[in-house]
Structures are given as structure tokens and as C-alpha cells.
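Asks: predicted model follows, preceded by the sequence.
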Amino acid sequence: MTFNLVKATEDFLCRKRFRGHGDCHFYPSEASVVCTDKFGDRIVEGGCLRASYFRCTGQEARPHSVRTQSIFELGKHVEDMLVNNWKQMGILVDRGIRFQNNEFNISGELDAVLMDPETGKPFGVECKSLYGYHAGVEVFGNKSTPGSPKMNQLLQTLVYAYEFKDRLDYFLMFYEERGDGTKGQFEVKVVPDELEDGTLVYRPMVDRNVMMEFTIEDIYARYKELMKCILDGKVPDRDFELFYTNDRVEKDYANGKISKSKYEKFKRVSKRDGSVRYVDSERPGDWACSYCNFKDYCWK
């Protein structure tokens, strides 16, 4: 009988690992912020406080799927390849630089620090990989759509940029598409801004464009809120929805937040008599809930 190497490899990727005591530090990858979109709706960008709370309080998480674990592994290989390229180019200063912010209980690690050969100053790099046409258009853009970094990854990079604002000139979010090797970058900085009442805050700047939707202090306020929930033993409210209500679907479709194809898969209208049938297996929801390892516990 032929050895099933596929199954053996997948089993290895998803094997149960021995873990030490739970880490109650917060991660830059969990960064989030509350914003208001152009329709006046409150939205949360980035990580979910409830998921971070479950992780920090020792709630058992669902194991990663083979697909998710494979994506993680491929991302690591892309980062290793890029860092090796930069080392051979002679611009690598260091990689895997750890830091800790005790005030907000944040522990993180920079992917790499490089030396700008034109200025002689160091800058930080956050490596990201992606795959697929739609992901590529979102990040790299096309003839009709400008590209932009993924918001959750931008928030993570902004934490790095703020923590190292006095030591690193800027950060680059470096993207590579795993399918065809397309590469792109975004320059990320935090810049000071004095409010009308004299308060000094920092704002995100991406490719020399200052974002006014939120401040860096708004991001750290979420970490502070998470810490309070943990100290009080109070589970945070859900930031996202696994499944939208019918009214939410109708509203989001009208505002263009849900595509026509996804809407019509969920809401089936009979051509014969005009009756409506909702298909729960196609019900839209937030991707953050769909891929969350605490989904089953949170929504049980």
C-alpha cells in the first residue's frame, strides 16, 4: 500500500503541541480600533477584544485547520526568503527584535530592521504574504482601484511604528503574492498632531497620507479596555457577528457592503410567485468570527 504522505504531512502540521503556561501579554497582531464608516455605522477594525480575553484567560481554543496552519507555514517561509535576500544585499541590521510595553501589557516582535542605503538610517519592515486575485487587488490595486494595506495588518504595524518612533525612521509593510511573486510596499509612520485643546496625539500616515479616522491613542485605549475586562473578570462584548440578521443583510446590501452574488445566494426569490426563501448556509457574517479559534465557545 502506498504511503499517504499528504495525510501524514497534514497530521504533522496540525499535531497537538506541548505548551507552557498561558501568555497573558497582548500582541500587536490583536490591535484594534473603533471607527465610524461613511454610512455612520460603528465598526471595529482589527482584532476582537473578546477573542483576546479568551486567549488570556486560558479558554481552550479550537485547533487550526490544515489550511490555516499551511498558510502560517508558507508565510514564515516567505519571510525567511526575504530576510535572506536582504542579508545578501547587505542591508539587514537584525531580525526578530522583541519588545515589551509594560504600561499597556503589549509584547511583540519586529520582523526585521534594515538600513536605508540612501540615508544611512535604520527602518523597520513587516513582512506579509497573500494569495489570490481578490487579495492581490485589495492590496496592490488595479487600473480602477487603488491598493492599500489590510487594516488589521496596518494596525499591527502602527503599534510597531509607535513603539519605535524615536529609533526607526519609518516602517515598510512589504507584501508578496505567493502565487506569482508580485511584490509591493507601503510606507508607514506615526506623526504628531496637536488638537484644538492643545492635546498632543499621534496619527497614522501611510505613503505620506495622514489618516484622520483615528489616532494611535485610540488603538492603545482598546488595549486598556481589554486589561480592565481581564482585571474585572468581565467578558467583553462581541466586536463582530458570526451571522447577520436579515435586516442587517438588507441594510449592508443596500449600502454596497455585501456583493450582489453573495446576497442572491442567501436570499432566494422565486421567479414563479415572488416568494422569498433565506438560505442559512449562505448567511453572511464577519470573517473575523468565521476564522476565530474561539468561535464555537463564543457562539455556543
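Replies: Looks like it arrived, so ask away.
Asks: and the chain, what are its domains?
Replies: Here the domain parsing of the chain from automatic domain parsing is 22-232, 246-284.
Asks: can you put these in TSV and add mean neighbour count, mean pLDDT and distance to Tyr291?
Replies: Every residue, glycine included, has its C-beta placed from N, CA and C. Shown next, in TSV, are the domains of the chain (neighbours: other CB atoms under 10 Å; pLDDT from 0 to 100; distance: least, CB to CB, whole Å):
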stretch	mean neighbour count	mean pLDDT	distance to Tyr291
domain 22-232	16	94	7
domain 246-284	12	93	15
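Asks: can you tell me which of the ones you listed comes nearest to Thr9?
Replies: domain 22-232 (9.0 Å; CB to CB).
Asks: now do the longest helix seen in the chain: everything it contacts.
Replies: For the chain, the longest helix by residue count, based on DSSP state H, is helix 66-89. Helix 66-89 is contacted by residues 10, 13-14, 64, 92, 95, 111-112, 114, 125, 127-129, 131, 174, 176, 178, 291 when judged by CB atoms under 8 Å, 6 or more residues apart in numbering.
Asks: just the CA atoms of stretch 131-138, as CSV, please.
Replies: Listed next in CSV are the C-alpha coordinates belonging to stretch 131-138 (Å, rounded to 0.1, in the frame of the first residue of the first chain):
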residue,chain,number,x,y,z
TYR,A,131,-2.6,34.7,-2.3
GLY,A,132,-5.3,35.0,-4.9
TYR,A,133,-6.7,37.6,-7.3
HIS,A,134,-9.1,39.4,-4.9
ALA,A,135,-6.4,39.6,-2.2
GLY,A,136,-4.0,41.0,-4.7
VAL,A,137,-6.4,43.7,-6.0
GLU,A,138,-7.2,44.7,-2.4
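Asks: would you check the distance separating it from the middle of the chain?
Replies: Offset of stretch 131-138 from its chain centre (CA atoms, centre = their mean, to the nearest Å): 15 Å.
Asks: which stretches of this structure form helices?
Replies: Using DSSP H, the helices assigned to the chain run over residues 5-13, 49-56, 66-89, 133-140, 151-163, 216-232, 246-254, 260-266, 287-290, 295-298.
Asks: could you check the angle helix 216-232 makes with the longest strand seen in the chain?
Replies: As assigned by DSSP state E, the longest strand anywhere in the chain is strand 183-194. With axes from the mean of the first three to the mean of the last three CA atoms, to 10 degrees as the basis, strand 183-194 and helix 216-232 are set at 90 degrees to each other.
Asks: dump strand 183-194 to CSV, restricted to CA.
Replies: What follows is strand 183-194, C-alpha atoms only, in CSV (Å, rounded to 0.1, in the frame of the first residue of the first chain):
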residue,chain,number,x,y,z
LYS,A,183,5.7,42.5,-4.6
GLY,A,184,4.6,45.8,-3.1
GLN,A,185,5.2,48.1,-0.2
PHE,A,186,3.6,50.8,1.9
GLU,A,187,5.5,53.3,4.0
VAL,A,188,4.0,53.6,7.5
LYS,A,189,4.7,56.4,10.1
VAL,A,190,3.1,57.9,13.1
VAL,A,191,3.1,61.7,13.1
PRO,A,192,2.3,64.1,15.9
ASP,A,193,-0.9,66.3,15.8
GLU,A,194,-2.0,69.0,18.2
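Asks: against Ile106, how distant is Arg98?
Replies: Distance from Arg98 to Ile106, counting by CB to CB, to the nearest Å: 11 Å.
Asks: actually Glu217, not the one I wrote
Replies: Counting by CB to CB, the gap from Glu217 to Ile106 is 14 Å.
Asks: before we move on, what about Phe240?
Replies: Distance from Phe240 to Ile106, by CB to CB: 22 Å.
Asks: ditto for Glu194
Replies: 25 Å.
Asks: then Glu79?
Replies: Distance from Glu79 to Ile106, counting by CB to CB: 21 Å.
Asks: list the contacts of the most centrally placed residue in the chain.
Replies: The centroid of the chain falls nearest to Asn152 when counting by CA atoms, centre = their mean (2.9 Å). Listed by CB under 8 Å, 6+ apart, the contact set of Asn152 reads 29, 31-32, 45-47.
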